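**Student:** Below are the sequence and a predicted model; questions follow.
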Amino acid sequence: MVSDVIQSPGIQTDTAQVFVLHTSASLSINENTDPSVRLDFESHLNELVPENQTYCQHSYEVQMACRLTSRPHYSVYLSISSGRPRLGSWQGVYLGEHRNDGGVRKLVITVNGVRPLLV
């Protein structure tokens with residue numbers, strides 16, 4: 001999806017920022033060939049910041065209560081070359097969900113020199 005939006009303005013060489021409009025989600029660039037990478041992310045996050053800990057004070061959104069310490073990134077930057085995002089052979093942009101049911105997520109994709117697109 002990100003590649004489709006970046007290619008649509010017809011920019012050949014530039015940069016793009018992809019920003020997620022939610023504090024309970026994050027973006028990253030990671031290995032994207034092996035489907036088990038998603039399971040590795042989930043396992044690592046559950047080990048690093050387990051759910052339902054007694055030391056958690058944030059209780060308004062119970063599902064993400066202490067996930068705040070996971071140091072999420074809300075944006076990634078991509079180089080554009082020949083009209084396409086320049087990622088490594090096995091790389092992809094990941095949307096990380098930090099709630100059990102986050103619902104629909106919105107991204108803002110800004111290609112330098114082009115007005116922001118909301119998707």
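**Tutor:** Received it, and whenever you're ready, just let me know what you need.
**Student:** What helix or strand is Phe41 located in?
**Tutor:** Using DSSP states H and E, Phe41 falls within helix 36-48.
**Student:** what comes up buried for the following helix or strand past that helix?
**Tutor:** Downstream of helix 36-48, the first helix or strand assigned by DSSP H and E is strand 75-81. Residues Val76, Leu78, Ile80 are the ones in strand 75-81 that count as buried (16 or more other Cβ atoms under 10 Å). (Each C-beta comes from the backbone N, C-alpha and C, glycine too.)
**Student:** and what of stretch 25-36?
**Tutor:** Ala25, Ser26, Leu27, Ile29, Asn32.
**Student:** quick one: secondary structure of the second one?
**Tutor:** Classification of Ser26 using DSSP: H, G, I helix; E, B strand; the rest coil returns strand.
**Student:** Give the bridge partners for it, please.
**Tutor:** When bridges are called by DSSP bridges, Ser26 pairs up with Gly96.
**Student:** wait, doesn't it sit right on Val18?
**Tutor:** No - look at Ser26 against Val18 with Cβ atoms under 8 Å: they stay out of range, at 11.3 Å.
**Student:** mind showing which ranges of this protein have poor pLDDT?
**Tutor:** 8-9, 53, 55-72, 113-119 (pLDDT under 70).
**Student:** Grab the most central residue of it for me.
**Tutor:** The residue lying closest to the centre of the chain (Cα atoms, centre = their mean) is Leu27, at 1.7 Å.
**Student:** measure the closest residue to Thr15 other than its chain neighbours to Asp14 for me?
**Tutor:** Once flanking residues are discounted, Thr15 sits nearest to Asn112: 5.3 Å by Cβ to Cβ, 6 or more residues apart in numbering. Counting by Cβ to Cβ, to the nearest Å, the separation of Asn112 from Asp14 is 5 Å.
**Student:** Please apply the same query to Asn52.
**Tutor:** Distance from Asn52 to Asp14, by Cβ to Cβ: 44 Å.
**Student:** do the same with Ile6
**Tutor:** Taking Cβ to Cβ as the measure, Ile6 falls 9 Å from Asp14.
**Student:** Are there residues contacting both of these two? Which ones?
**Tutor:** Overlap between the neighbourhoods of Ile6 and Asp14 consists of Ile80, Val111, taking contacts as Cβ atoms under 8 Å, 6 or more residues apart in numbering.
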